[in-house]
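Q: Provided below are the primary sequence and the corresponding predicted coordinates.
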Amino acid sequence: GQNIDQPTEMTATEGAIVQINCTYQTSGFNGLFWYQQHAGEAPTFLSYNVLDGLEEKGRFSSFLSRSKGYSYLLLKELQMKDSASYLCAVSRRGGYQKVTFGTGTKLQVIP
Amino acid sequence: DTAVSQTPKYLVTQMGNDKSIKCEQNLGHDTMYWYKQDSKKFLKIMFSYNNKELIINETVPNRFSPKSPDKAHLNLHINSLELGDSAVYFCASSQGDRAYGYTFGSGTRLTVV
């Protein structure tokens, strides 16, 4: 089976940096996604990590450690519009990969 | 020019009814999915089709039946609706290289009363 854990809620201040952690346990791990979902909207793709290390995309960076079953999403220079849920999702190897989502971290950015 | 469009956006219906949700993608993707997101925001896969062929069928009641007339369309039919079916249903699509992730539709909020 699979197990994905991430904090339920976080609060951070506009302009600050926040790190959202995700730990996972799964067999046949292939890669890890991060999605952003604003309230009442569809999830949108942020990043996909397959190899260990940090990948940076503008204000957002995603880190993966395969040996530790750990990932984080780093958001810099927080803006009010970053208030959303951030979903960690794990894909498994073999044929057409099945992607399993975590329950998401609801981030509230305050002035 | 919506990439993944699903209809209707809202659906309120009585227990026992049969309803359908439609999904279409114009991205040329070869794989489409149905996900269910419950009140706790947990997003869970239900079905996946690749080029009209069912490839993932999770433990979903057989009251739910997906149909893919072609690789750009994936519809979901639900028979004998129950209160517990109330959720947001998301259609999504992807193409080969998962590095680009899924593109989700805007969701259908189903409320069974």
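A: Happy to help now that I have it.
Q: what parts of chain B come near chain A?
A: For chain B, the contact set with chain A under Cβ under 8 Å from any Cβ of the partner chain comprises B:31, B:35, B:40-45, B:48, B:50, B:55-56, B:90, B:98-107. C-beta coordinates here come from the backbone N, C-alpha and C atoms, glycine included.
Q: those residues in strands, which ones?
A: Counting by DSSP state E, the part of those found in strands is B:31, B:35, B:43, B:44, B:45, B:48, B:50, B:55, B:56, B:90, B:103, B:104.
Q: show me which of these is closest to residue A:104.
A: Each of these was scored against residue A:104 by Cβ to Cβ, and residue B:43 proved nearest at 7.7 Å.
Q: OK, contacts around that closest one?
A: With contact taken as Cβ atoms under 8 Å, 6 or more residues apart in numbering or on different chains, residue B:43 is in contact with A:43, A:87, A:89, A:101, A:104, B:35, B:36, B:37, B:90.
Q: okay, those in a markdown table with neighbour count and distance to residue B:10 next?
A: Formatted as a markdown table, these follow (neighbours: other Cβ atoms under 10 Å in any protein chain shown; distance: Cβ to Cβ, whole Å):
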| residue | neighbour count | distance to residue B:10 |
| --- | --- | --- |
| A:43 | 28 | 19 |
| A:87 | 27 | 23 |
| A:89 | 23 | 26 |
| A:101 | 21 | 23 |
| A:104 | 28 | 22 |
| B:35 | 26 | 17 |
| B:36 | 20 | 16 |
| B:37 | 21 | 14 |
| B:90 | 25 | 14 |
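Q: for the chain, name the helix or strand with the lowest mean pLDDT.
A: Picking chain A for this. Taking mean pLDDT, DSSP states H and E as the measure, chain A has strand A:99-101 as its least confident helix or strand, at a mean of 87.
Q: that's the other chain; I wanted chain B
A: Within chain B, confidence by mean pLDDT, DSSP H and E is lowest for strand B:53-57 among all helices and strands, at a mean of 81.
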